[in-house]
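1. Structure, please.
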Amino acid sequence: MSRPPRSACFRLSQGRAGGSCARCAMLASSSARPCIDVAPIPAPTNEMGMFETAFEHVVQAYAV
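-> The predicted model follows:
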């Protein structure tokens, strides 16, 4: 199993104090792992605090 890529938050804020963070929903069933939804993470929260909202966005966009 390959190592997962670093989080978008790490990449965007690397080397800067108070950098921007983004949450990316990826299609894990694909070997390419395309990002199917992305949104900024508000400053007062983190990736875990954003999960419920992010999940709702993906379900609304891709529900059958």
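2. Tell me where this protein has helices.
-> With DSSP state H, the ranges of helices along the chain come out as 8-13, 47-62.
3. ranking these by burial, who's on top?
-> Among the helices of the chain, ranked by average contacts under mean count of other Cβ atoms under 10 Å, first place goes to helix 8-13 (a mean of 15). C-beta here means a position set from N, CA and C on the backbone, and glycine is covered the same way.
4. For the helices of the chain, please prepare TSV with the additional fields mean pLDDT and distance to residue 41.
-> TSV is the format used below for these (pLDDT from 0 to 100; distance: least, Cβ to Cβ, whole Å):
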stretch	mean pLDDT	distance to residue 41
helix 8-13	49	7
helix 47-62	89	5
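5. now those as JSON lines including distance to residue 31?
-> Output for these, formatted as JSON lines (distance: least, Cβ to Cβ, whole Å):
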{"stretch": "helix 8-13", "distance to residue 31": "20"}
{"stretch": "helix 47-62", "distance to residue 31": "19"}
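6. and of those, who's closest to residue 33?
-> Between residue 33 and the helices of the chain, the shortest separation by Cβ to Cβ is 12.8 Å, and it involves helix 8-13.
7. any residues touching stretch 23-31, and which ones?
-> Applying Cβ atoms under 8 Å, 6 or more residues apart in numbering, the contact partners of stretch 23-31 are 8-9, 33-41, 47, 50, 54, 57-58.
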